[in-house]
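Q: Okay, sequence plus prediction incoming.
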Amino acid sequence: MDRALELASAACVAGEIPVGAVVLDLDGTVIGEGRNLREELGDPSAHAEIVALRQAAEEVGSWNLEGRTLVVTLEPCLMCAGALLQARIGRVVFGAWDEKAGAVGSMYDVVRDRRLPYRAEVIGGVLEEESQRLLRAFFEARR
């Protein structure tokens with residue numbers, strides 16, 4: 001989570017919503033990382049999670065990231081939760097809950113939906129205060 005927070009801080013400095021993510025291999029080694037790049041790339045799908053998943057898939061040489069762990073500073077949205085399932089991520093660890101758009105426990109619980117053929121373990125609230133602090137500071141500066 002420390003690396004994800006560093007990436008979130010870098011996103012903030014670049015004028016992006018401060019979200020950072022890393023994908024860990026089966027032994028806990030970082031194989032992908034990302035920060036929000038939507039503004040920089042003009043790409044609505046360039047969320048930190050998607051950027052990290054793409055890098056991890058390239059590193060592994062496959063879209064299938066079964067058993068890997070995604071660590072992210074903010075609860076993934078609906079788009080990212082769907083991508084996590086498509087990548088077969090086994091565990092999602094996140095910092096701040098997103099009561100307005102979260103899709104792994106808050107608004108929705110997509111990655112644990114029993115109707116779907118693949119599910120992921122979810123661990124929320126890890127270094128939650130640190131994650132929330134970055135988000136609050138970013139949005140307060142915008143108001």
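A: Structure's in. What do you need? The structure presented is a predicted model; accordingly, all values stated were derived computationally and were not measured.

Q: From now on I want contacts and neighbour counts done on CA atoms only, so please keep to that.
A: Will do.

Q: Relative to the whole chain's centre, how far out is the longest helix along the chain?
A: Criterion DSSP state H: the longest helix present in the chain is helix 128-142. Counting by Cα atoms, centre = their mean, to the nearest Å, helix 128-142 is centred 16 Å from the centre of its parent chain.

Q: Which positions within that helix qualify as buried?
A: In terms of neighbour count (16 or more other Cα atoms under 10 Å), helix 128-142 has its buried residues at 131-132, 134-135, 138.

Q: export those residues to CSV and tack on distance to residue 4 and pLDDT?
A: Formatted as CSV, these follow (distance: Cα to Cα, whole Å; pLDDT from 0 to 100):
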residue, distance to residue 4, pLDDT
131, 9, 97
132, 13, 97
134, 12, 96
135, 13, 96
138, 16, 94
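
Q: Include distance to residue 122 when you put those into CSV, please.
A: Below are the buried residues of helix 128-142 laid out as CSV (distance: Cα to Cα, whole Å):
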residue, distance to residue 122
131, 17
132, 18
134, 22
135, 21
138, 26
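
Q: how about those residues, which pair is most distant?
A: Spanning the widest gap among those are 131 and 138, at 11.1 Å by Cα to Cα.

Q: first to last residue in stretch 72-80, what's the distance?
A: Terminal residues of stretch 72-80 are spaced 11 Å apart (Cα to Cα, to the nearest Å).

Q: what's the spacing between residue 20 and residue 105?
A: In terms of Cα to Cα, residue 20 sits 19 Å off from residue 105.
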